[in-house]
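Asker: turn this into a structure:
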Amino acid sequence: MKASQAVFAAVAIGSGALLPHVVAAQSADPGLYLGGGVGYNRIEGEDFTGNGDEFEDDRVSYKGIAGLKLGQHLSLEGQYIDFGTAEDGPSRVEADGWTAGAVFELPLTQNFAAYAKGGALFWDAEGRFANVRADDDGTDPFYGVGARFALNRNLALRIEYERFELNDTDIDMASANLLFHF
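Answerer: A predicted model of the protein is given here:
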């Protein structure tokens with residue numbers, strides 16, 4: 001079984017096991033929230049050297065999240081994401097970044113909401129390609145969609161897909177995140 005299939009199977013099984021507990025939960029009120037998560041990302045694109053070589057790999061990533069829920073539908077959110085170290089043959093890239101964005105949430109029940117998010121990714125990448133070192137950084141857009149399950153008044157599980165761009169390199173990430181609302 002591929003690693004991506006294993007991650008998605010674990011998220012699906014974990015989500016199903018939590019559903020009975022979600023029934024008794026309530027949505028969080030406006031205010032601050034903090035959280036973190038783990039994801040699986042796929043990197044595809046150029047290798048940051050500018051010579052047009054392609055680069056592709058799959059990796060586990062980690063993120064920290066801080067946000068301000070302004071009301072039932074809108075939150076402002078920042079994330080720190082460690083995309084991990086990707087390798088493709090002799091090439092190796094380490095990338096991480098900070099995001100600033102907005103989350104637009106559509107509550108479907110008292111305990112479940114679908115959402116879309118978007119904003120800017122401020123990234124840094126360091127790589128080695130055929131004995132050539134390359135460091136690059138920049139600011140590019142990101143977007144995503146997901147679902148939020150309220151586990152209780154202060155704790156929520158978010159399952160999401162995000163697309164990040166680092167110049168001509170795309171990173172697709174699926175993640176599971178726990179958020180604590182204050």
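Asker: just the strands in this structure please.
Answerer: Taking DSSP state E, the strands of the chain run over residues 31-46, 54-69, 74-88, 91-107, 112-129, 132-150, 155-166, 169-181.
Asker: now those as TSV including mean neighbour count and mean pLDDT?
Answerer: Yep, even glycine has a C-beta here, placed from its N, CA and C like the rest. Converted to TSV, the strands of the chain look like this (neighbours: other Cβ atoms under 10 Å; pLDDT from 0 to 100):
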stretch	mean neighbour count	mean pLDDT
strand 31-46	17	89
strand 54-69	18	88
strand 74-88	18	91
strand 91-107	18	92
strand 112-129	18	92
strand 132-150	16	91
strand 155-166	20	95
strand 169-181	20	94
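Asker: surely Thr99 is in contact with Gly78?
Answerer: Yes - contact criterion Cβ atoms under 8 Å: Thr99 and Gly78 qualify, at 6.1 Å.
Asker: tell me how far Ser175 lies from Leu121.
Answerer: When distances are taken as Cβ to Cβ, to the nearest Å, Ser175 and Leu121 turn out to be 14 Å apart.
Asker: same question for Ile43.
Answerer: In terms of Cβ to Cβ, Ile43 sits 14 Å off from Leu121.
Asker: what of Glu77?
Answerer: Per Cβ to Cβ, Glu77 is found 12 Å from Leu121.
Asker: what touches both of those two?
Answerer: Taking Cβ atoms under 8 Å, 6 or more residues apart in numbering as the criterion, Glu77 and Leu121 both touch Thr99.
Asker: with adjacent residues omitted, what lies nearest to Gly67?
Answerer: Among residues not flanking Gly67 along the chain, Glu77 sits closest, at 3.7 Å (Cβ to Cβ, 6 or more residues apart in numbering).
Asker: hang on, isn't the one you found packed against Glu105?
Answerer: No - using Cβ under 8 Å, Glu77 is not in contact with Glu105; the gap is 10.9 Å.
Asker: identify the bridge partners of Gly127.
Answerer: Residues found in beta-bridge contact with Gly127 (criterion: DSSP bridges) are Val93, Ala134.
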